[in-house]
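*Asks:* predicted model and sequence follow; I will ask about them next.
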Amino acid sequence: MSILLDGKALSAEIKENLKVKVAEFEKNYGRKISLAVILVGENPASCVYVKNKIKAAEFVGIKSLSFSLPATATESEVEDLVKTLSVDNSVDGILVQLPLPKHLNEEKILSIIPAEKDVDGFTAENVGNTTLFKDGINSCTPAGIMYMLKSTGVSLSGKHAVIIGRSNIVGKPVALMLLRENCTVTICHSKTADLKAFAKQADILVVAIGKAKFVTADMVKDGAIVIDVGINRTENGLCGDVDFEGVKDKASFITPVPGGVGPMTIAMLMSNAYKCAYRREND
Ligand code: GUN
């Protein structure tokens, strides 16, 4: 029987602590921390995520500035908005919700965000710092995963971590963060031959492939820590990339979906917004 890694409870704790720090910031610097959130189009999942991010900001005392552009917004309209927010001294953090509509150049738009306002940790400078194992602004989902792993009290050093998925948002950065903690890291992806053989070796299995119930019990080693990053909308409601019911009796720790990694991403976003604001006042 596994122990549930309760992201909802853990993120609530983090946000309570942040609330105190945010109030102190306001007292010390005489202003609120502000976070600009840009949503382009009406992707239903993105709308929910953005709503939850704004709600969390309100809870911790961060002022959110919400910008909703139509799905038909042009490249220059989005770029101009990011540029305006970049030079606006009252804005501490800028978040562009992904994915963007296909006609927009995601990489170019993200590259305009100054590293010091990059609350998502997506810019080349912040990704570079993650790669160099420097403390900086790490991207939120991987940071949330690391926080959860550390909360288990299990030593990560020397463990074999297998990541399924190689996205810029999750797979690649979490691999680097696990490496920083002295894990031996394997990254699997859609072209990996005999993925099951790799998954079965994992002491820590991070699944971010975007396929409902992709990881089944026969792919999991007894006692593995299983982190499910997937959020898939199926006829039967939300489910992760892991077949939770099948895997839960094999894993030592497992994250639920929903209520696992998702809330941790938002807590880490709030933490990054605080960090950006603090650094802008102090560096
Ligand atoms: N889309 C899915 N996850 C994320 C995230 O962490 N940040 C942003 N900006 N977009 C996302």
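*Replies:* Received the coordinates, thanks. Numbers count the residues shown, from 1 in each chain.

*Asks:* which non-adjacent residue is nearest residue 50?
*Replies:* residue 39 (4.9 Å; C-beta to C-beta, 6 or more residues apart in numbering). Glycine gets a C-beta too; all of them are placed from N, C-alpha and C.

*Asks:* what's the burial count for the one you found?
*Replies:* Using other C-beta atoms under 10 Å, the number of residues around residue 39 comes to 21.

*Asks:* ditto for the one 5 residues further on
*Replies:* The burial count assigned to residue 44 is 8, neighbours taken as other C-beta under 10 Å.

*Asks:* which residues touch it?
*Replies:* If a contact means C-beta atoms under 8 Å, 6 or more residues apart in numbering, then residue 44 has no contacts.

*Asks:* residue 233 belongs to a strand?
*Replies:* Yes: counting by DSSP: H, G, I helix; E, B strand; the rest coil, residue 233 is located in a strand.

*Asks:* residue 48 is in contact with that one, correct?
*Replies:* No: using C-beta atoms under 8 Å, residue 233 makes no contact with residue 48, being 10.2 Å away.

*Asks:* separation between residue 159 and residue 148?
*Replies:* Remark: distance between residue 159 and residue 148 (C-beta to C-beta, to the nearest Å) = 14 Å.

*Asks:* again, but for residue 103
*Replies:* Taken as C-beta to C-beta, the span from residue 103 to residue 148 is 36 Å.

*Asks:* kindly report the same for residue 124.
*Replies:* From residue 124 to residue 148 the distance is 27 Å (C-beta to C-beta).

*Asks:* repeat that for residue 15.
*Replies:* 15 Å.

*Asks:* strands along this structure, start to end?
*Replies:* 3-4, 34-40, 63-69, 93-96, 160-164, 184-188, 204-207, 225-228, 232-234, 237-239, 253-254 (DSSP state E).

*Asks:* how about the third one and the ligand, any contact?
*Replies:* No: Strand 63-69 does not reach the ligand (C-beta under 6 Å from any ligand atom); its nearest approach is 12.9 Å.
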